[in-house]
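> only geometry, no sequence info:
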(Lines give C-alpha, C1' and ligand atoms only; values in the text may rest on other atoms or scores of the structure.)
Protein backbone atom coordinates (compact mmCIF):
# COMPACT_ATOMS: atom_id res chain seq x y z
CA UNK A 1 0.00 0.00 0.00
CA UNK A 2 2.99 2.30 0.38
CA UNK A 3 3.48 2.34 -3.42
CA UNK A 4 0.88 4.69 -4.93
CA UNK A 5 0.34 2.56 -8.04
CA UNK A 6 -0.58 -0.40 -5.84
CA UNK A 7 -2.74 1.62 -3.45
CA UNK A 8 -4.60 3.14 -6.44
CA UNK A 9 -7.69 4.99 -5.20
CA UNK A 10 -6.53 4.81 -1.59
CA UNK A 11 -3.10 6.27 -2.36
CA UNK A 12 -3.81 9.74 -0.96
CA UNK A 13 -4.71 8.26 2.43
CA UNK A 14 -1.06 7.35 2.97
CA UNK A 15 0.54 10.60 1.80
CA UNK A 16 1.72 11.45 5.33
CA UNK A 17 3.32 8.03 5.65
CA UNK A 18 5.19 8.44 2.36
CA UNK A 19 6.37 11.90 3.38
CA UNK A 20 7.77 10.47 6.61
CA UNK A 21 9.55 7.73 4.62
CA UNK A 22 11.10 10.32 2.31
CA UNK A 23 12.31 12.33 5.31
CA UNK A 24 13.90 9.26 6.89
CA UNK A 25 15.57 8.17 3.65
CA UNK A 26 16.97 11.67 3.11
CA UNK A 27 18.99 11.22 6.32
CA UNK A 28 20.86 8.31 4.70
CA UNK A 29 22.21 10.24 1.72
CA UNK A 30 25.66 11.02 3.16
CA UNK A 31 26.51 7.43 4.13
CA UNK A 32 29.29 5.57 2.34
CA UNK A 33 27.04 2.53 2.03
CA UNK A 34 23.36 1.84 2.66
CA UNK A 35 22.43 -1.64 3.86
CA UNK A 36 18.76 -2.49 3.31
CA UNK A 37 17.46 -5.08 5.78
CA UNK A 38 14.14 -6.89 5.63
CA UNK A 39 12.55 -10.20 6.60
CA UNK A 40 12.33 -13.21 4.31
CA UNK A 41 12.37 -17.00 4.63
CA UNK A 42 16.14 -17.19 5.18
CA UNK A 43 19.03 -15.02 6.34
CA UNK A 44 21.23 -14.23 3.36
CA UNK A 45 23.16 -11.42 1.75
CA UNK A 46 21.56 -10.79 -1.61
CA UNK A 47 23.72 -10.68 -4.71
CA UNK A 48 23.31 -8.23 -7.63
CA UNK A 49 21.48 -7.42 -9.77
CA UNK A 50 18.94 -6.08 -7.30
CA UNK A 51 15.34 -5.71 -8.35
CA UNK A 52 11.97 -7.27 -8.96
CA UNK A 53 8.37 -6.41 -9.76
CA UNK A 54 5.24 -5.59 -7.82
CA UNK A 55 3.16 -7.83 -10.10
CA UNK A 56 2.35 -10.31 -7.28
CA UNK A 57 0.74 -7.38 -5.43
CA UNK A 58 -1.47 -6.23 -8.25
CA UNK A 59 0.57 -4.16 -10.71
CA UNK A 60 3.45 -5.05 -13.01
CA UNK A 61 5.62 -2.20 -11.82
CA UNK A 62 9.37 -2.95 -12.08
CA UNK A 63 11.71 -1.86 -9.31
CA UNK A 64 15.47 -1.81 -9.70
CA UNK A 65 17.21 -4.01 -12.25
CA UNK A 66 15.81 -7.01 -14.12
CA UNK A 67 16.83 -10.21 -12.33
CA UNK A 68 16.05 -13.91 -12.19
CA UNK A 69 16.26 -13.74 -8.37
CA UNK A 70 13.83 -11.00 -7.35
CA UNK A 71 14.08 -9.28 -3.99
CA UNK A 72 11.48 -10.28 -1.37
CA UNK A 73 8.78 -7.70 -0.70
CA UNK A 74 10.51 -6.12 2.29
CA UNK A 75 13.72 -5.44 0.34
CA UNK A 76 11.81 -4.54 -2.81
CA UNK A 77 10.08 -1.72 -0.94
CA UNK A 78 13.51 -0.59 0.25
CA UNK A 79 14.71 -0.53 -3.35
CA UNK A 80 11.62 1.49 -4.29
CA UNK A 81 12.35 4.04 -1.57
CA UNK A 82 15.92 4.42 -2.87
CA UNK A 83 15.00 4.67 -6.56
CA UNK A 84 16.18 8.27 -6.94
CA UNK A 85 19.74 6.91 -7.08
CA UNK A 86 21.44 9.43 -4.81
CA UNK A 87 23.54 6.62 -3.36
CA UNK A 88 24.47 3.75 -5.65
CA UNK A 89 26.50 1.87 -3.01
CA UNK A 90 23.54 -0.12 -1.72
CA UNK A 91 23.53 -3.64 -0.31
CA UNK A 92 20.59 -5.87 0.51
CA UNK A 93 20.40 -8.41 3.32
CA UNK A 94 17.49 -10.66 4.23
CA UNK A 95 16.95 -11.89 7.77
CA UNK A 96 14.86 -14.98 8.49
CA UNK A 97 11.49 -13.90 9.85
CA UNK A 98 11.76 -16.55 12.57
CA UNK A 99 15.40 -15.84 13.51
CA UNK A 100 16.05 -15.77 17.24
CA UNK A 101 16.79 -12.37 18.82
CA UNK A 102 20.42 -13.36 19.45
CA UNK A 103 20.89 -14.26 15.79
CA UNK A 104 19.41 -10.93 14.72
CA UNK A 105 21.62 -9.02 17.12
CA UNK A 106 24.73 -10.82 15.87
CA UNK A 107 23.81 -10.10 12.25
CA UNK A 108 23.40 -6.44 13.08
CA UNK A 109 26.87 -6.29 14.58
CA UNK A 110 28.30 -7.95 11.47
CA UNK A 111 26.55 -5.51 9.14
CA UNK A 112 27.79 -2.53 11.14
CA UNK A 113 31.39 -3.77 11.21
CA UNK A 114 32.19 -2.94 7.59
CA UNK A 115 34.92 -0.34 8.07
CA UNK A 116 32.79 2.29 6.33
CA UNK A 117 30.19 4.85 7.34
CA UNK A 118 27.22 2.56 6.93
CA UNK A 119 23.54 3.46 7.19
CA UNK A 120 20.77 0.91 7.60
CA UNK A 121 17.36 1.12 5.98
CA UNK A 122 15.30 -1.36 7.98
CA UNK A 123 11.93 -2.49 6.63
CA UNK A 124 9.15 -4.19 8.58
CA UNK A 125 5.52 -3.63 9.58
CA UNK A 126 4.09 -3.77 13.06
CA UNK A 127 1.11 -5.95 13.95
CA UNK A 128 -1.56 -6.74 11.38
CA UNK A 129 -4.26 -7.38 14.00
CA UNK A 130 -5.51 -3.88 14.77
CA UNK A 131 -9.25 -4.24 14.32
CA UNK A 132 -11.87 -6.53 12.83
CA UNK A 133 -11.01 -5.50 9.25
CA UNK A 134 -7.28 -6.07 9.66
CA UNK A 135 -5.55 -8.95 7.82
CA UNK A 136 -5.29 -10.91 11.09
CA UNK A 137 -8.62 -9.83 12.56
CA UNK A 138 -8.67 -8.10 15.94
CA UNK A 139 -6.26 -9.12 18.69
CA UNK A 140 -6.41 -7.18 21.98
CA UNK A 141 -2.65 -7.65 22.45
CA UNK A 142 -1.74 -5.85 19.24
CA UNK A 143 -2.16 -2.27 20.36
CA UNK A 144 0.04 -2.72 23.42
CA UNK A 145 2.71 -4.50 21.39
CA UNK A 146 2.76 -1.71 18.82
CA UNK A 147 2.86 0.96 21.52
CA UNK A 148 5.96 -0.67 23.01
CA UNK A 149 7.64 -0.76 19.59
CA UNK A 150 6.77 2.86 18.90
CA UNK A 151 8.23 3.89 22.27
CA UNK A 152 11.44 1.93 21.61
CA UNK A 153 11.83 3.45 18.15
CA UNK A 154 11.18 6.95 19.48
CA UNK A 155 13.80 6.59 22.22
CA UNK A 156 16.38 4.49 20.39
CA UNK A 157 15.87 1.80 23.02
CA UNK A 158 17.80 -1.16 21.62
CA UNK A 159 17.24 -3.29 24.72
CA UNK A 160 13.47 -2.97 24.36
CA UNK A 161 13.67 -4.04 20.71
CA UNK A 162 15.81 -7.06 21.60
CA UNK A 163 13.25 -8.01 24.27
CA UNK A 164 10.42 -8.34 21.74
CA UNK A 165 8.92 -11.83 21.97
CA UNK A 166 9.27 -13.73 18.66
CA UNK A 167 6.28 -15.96 19.44
CA UNK A 168 3.94 -13.08 20.24
CA UNK A 169 5.22 -11.13 17.22
CA UNK A 170 4.45 -14.08 14.94
CA UNK A 171 0.96 -14.46 16.41
CA UNK A 172 0.30 -10.77 15.73
CA UNK A 173 1.63 -11.05 12.15
CA UNK A 174 4.46 -8.62 12.86
CA UNK A 175 6.85 -8.47 9.89
CA UNK A 176 9.33 -6.14 11.55
CA UNK A 177 10.44 -8.00 14.68
CA UNK A 178 13.57 -9.65 13.25
CA UNK A 179 14.70 -6.59 11.21
CA UNK A 180 14.24 -4.30 14.25
CA UNK A 181 16.41 -6.64 16.29
CA UNK A 182 19.08 -6.54 13.56
CA UNK A 183 18.95 -2.76 13.89
CA UNK A 184 19.36 -3.04 17.65
CA UNK A 185 22.50 -5.11 17.18
CA UNK A 186 23.98 -2.75 14.63
CA UNK A 187 24.00 0.48 16.60
CA UNK A 188 25.87 1.87 19.58
CA UNK A 189 24.45 4.14 22.28
CA UNK A 190 24.16 7.02 22.82
CA UNK A 191 22.44 8.50 19.79
CA UNK A 192 22.62 12.08 18.66
CA UNK A 193 18.97 12.17 17.58
CA UNK A 194 16.10 9.68 17.57
CA UNK A 195 12.77 10.58 16.03
CA UNK A 196 9.50 8.74 15.54
CA UNK A 197 8.24 10.37 12.37
CA UNK A 198 5.06 8.34 11.88
CA UNK A 199 2.93 5.95 13.92
CA UNK A 200 -0.47 4.92 12.59
CA UNK A 201 -2.40 1.75 11.79
CA UNK A 202 -4.26 2.26 8.51
CA UNK A 203 -6.24 -0.78 7.36
CA UNK A 204 -5.45 -2.49 10.66
CA UNK A 205 -1.67 -2.72 10.08
CA UNK A 206 0.80 -0.73 12.20
CA UNK A 207 3.24 1.47 10.29
CA UNK A 208 6.15 3.20 12.02
CA UNK A 209 8.76 5.46 10.50
CA UNK A 210 11.74 6.31 12.69
CA UNK A 211 15.11 7.94 12.14
CA UNK A 212 18.15 7.29 14.33
CA UNK A 213 21.21 9.45 13.68
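Sure thing, it's come through. All figures in this text were calculated on a predicted structure; none of them were measured in a lab.

> tell me, what residue is most central in this protein?
residue 123 (1.0 Å; Cα atoms, centre = their mean).

> buried set for the helix or strand bottoming out on mean pLDDT in the chain?
The weakest-scoring helix or strand in the chain, judged by mean pLDDT, DSSP states H and E, is helix 4-7 (a mean of 82). Within helix 4-7, the residues scored as buried using 16 or more other Cβ atoms under 10 Å are residue 7. All C-beta spots, glycine's among them, are computed from the backbone N, C-alpha and C.

> got it, and stretch 206-213?
206-212.

> Ok, stretch 53-61 next?
For stretch 53-61, using 16+ other Cβ under 10 Å, the buried residues are 53-54.

> ditto for stretch 125-139
125-131, 134, 136, 139.

> Run through who's touching that stretch.
Outside of stretch 125-139, the residues within contact range by Cβ atoms under 8 Å, 6 or more residues apart in numbering are 141-143, 145-146, 149, 171-176, 201, 203-208.

> Roughly how far does residue 204 sit from residue 150?
Distance of residue 204 to residue 150, computed by Cβ to Cβ, to the nearest Å: 16 Å.

> So which elements touch the helix ranked longest in the chain?
Identified as the longest helix of the chain according to DSSP state H is helix 142-155. In terms of contacts (3 or more Cβ pairs under 8 Å, 6 or more residues apart in numbering; DSSP states H and E), helix 142-155 is packed against helix 158-162, helix 177-186, strand 194-200, strand 207-212.

> between these, which gets nearest to residue 66?
helix 177-186 (25.8 Å; Cβ to Cβ).

> Strands of this structure, residue ranges please.
For the chain, the strands defined by DSSP state E occupy 33-40, 44-45, 51-53, 62-64, 90-96, 118-123, 194-200, 207-212.

> In terms of secondary structure, what does the first one contact?
I take that to be strand 33-40. Against strand 33-40 (3+ Cβ pairs under 8 Å, 6+ apart) you get helix 73-81, strand 90-96, strand 118-123, helix 177-186.

> same check, this time on the fifth one
Counting contacts by 3+ Cβ pairs under 8 Å, 6+ apart, strand 90-96 is packed against strand 33-40, strand 44-45, helix 73-81, helix 101-112, helix 177-186.

> What angle do helix 101-112 and that strand make with each other?
Here strand 90-96 points in a direction 170 degrees away from that of helix 101-112 (axes from the mean of the first three to the mean of the last three Cα atoms, to 10 degrees).

> just checking, residue 50 touches residue 66?
No: if you go by Cβ atoms under 8 Å, residue 50 and residue 66 don't touch, sitting 10.4 Å apart.

> Looking at those two now, which is surrounded by more residues?
Taking neighbours as other Cβ atoms under 10 Å, residue 50 and residue 66 compare with residue 50 leading, 22 against 10.

> Can you give me every residue that contacts the more buried one?
Going by Cβ under 8 Å, 6+ apart, the list of residues near residue 50 reads 64-65, 67, 71, 75, 79, 90, 92.
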